[in-house]
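> This is the structure alone, sequence omitted:
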């Protein structure tokens, strides 16, 4: 199964990014701090979604429109009373086919899997608004993940597996770089 290979071969990059995100989460003291974190996510996800868009059709992923996360992040930021300014500069990996787009989307879709833990961390510091992104798909999160994994398995084979893994690793790496600015 390709998702198992993706997880295995992106573990180091995933852990590096996760460590930075958790470190940032631990510094949140108020909604302004939280909005600053969301702006990092928004800047990156918005740019990445634009890069992916040409290669993910309804035929590839029928519910792709429901999986667009930048809009959730923008709404969360606005819900916290902030505006979409002061965004960090970001770069994303080159995406020029469906396999690379799915490798990058693997990172994006996976980012909401730990949302429940993040919501709990935020609640401890009094932040309970602006959490729709981390809430993910709610009770449908598991089903949405399973559906996405089936798409990965359908479109990525042994011949294209390395290309997807490289795109996922680059996606993690570029996102990590935003936190290191």
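On my side now, so go ahead. Nothing here was measured: the structure is a model prediction, and the numbers come from that model.

> Would you enumerate the residues in contact with residue 156?
Residue 156 makes contact with 2, 99, 102, 103, 164, according to Cβ atoms under 8 Å, 6 or more residues apart in numbering. C-beta: built from backbone N, CA, C; applies to glycine.

> Please report phi then psi for it.
phi -120, psi 120 (degrees, to the nearest 10).

> again with the one 3 residues further on
Summarising the backbone geometry of residue 159 under the convention degrees, to the nearest 10, its torsions are phi -70, psi -30.

> Near it, how many other residues are there?
Per other Cβ atoms under 10 Å, the neighbour tally for residue 159 reads 8.

> same check, this time on residue 179
Residue 179, neighbours per other Cβ under 10 Å, totals 17.

> for residue 4, same thing?
Residue 4 has 9 nearby residues by other Cβ under 10 Å.

> Give me the buried positions along the host helix or strand of it.
When elements are assigned from DSSP states H and E, residue 4 belongs to helix 2-26. Within helix 2-26, the residues scored as buried using 16 or more other Cβ atoms under 10 Å are 2-3, 5-6, 9-10, 13-14, 16-17, 20-21, 25.

> could I get these as JSON lines with pLDDT and distance to residue 69?
Converted to JSON lines, these look like this (pLDDT from 0 to 100; distance: Cβ to Cβ, whole Å):
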{"residue": "2", "pLDDT": "91", "distance to residue 69": "21"}
{"residue": "3", "pLDDT": "90", "distance to residue 69": "19"}
{"residue": "5", "pLDDT": "95", "distance to residue 69": "24"}
{"residue": "6", "pLDDT": "96", "distance to residue 69": "18"}
{"residue": "9", "pLDDT": "98", "distance to residue 69": "23"}
{"residue": "10", "pLDDT": "97", "distance to residue 69": "18"}
{"residue": "13", "pLDDT": "97", "distance to residue 69": "19"}
{"residue": "14", "pLDDT": "96", "distance to residue 69": "17"}
{"residue": "16", "pLDDT": "97", "distance to residue 69": "21"}
{"residue": "17", "pLDDT": "96", "distance to residue 69": "15"}
{"residue": "20", "pLDDT": "95", "distance to residue 69": "18"}
{"residue": "21", "pLDDT": "94", "distance to residue 69": "15"}
{"residue": "25", "pLDDT": "93", "distance to residue 69": "17"}
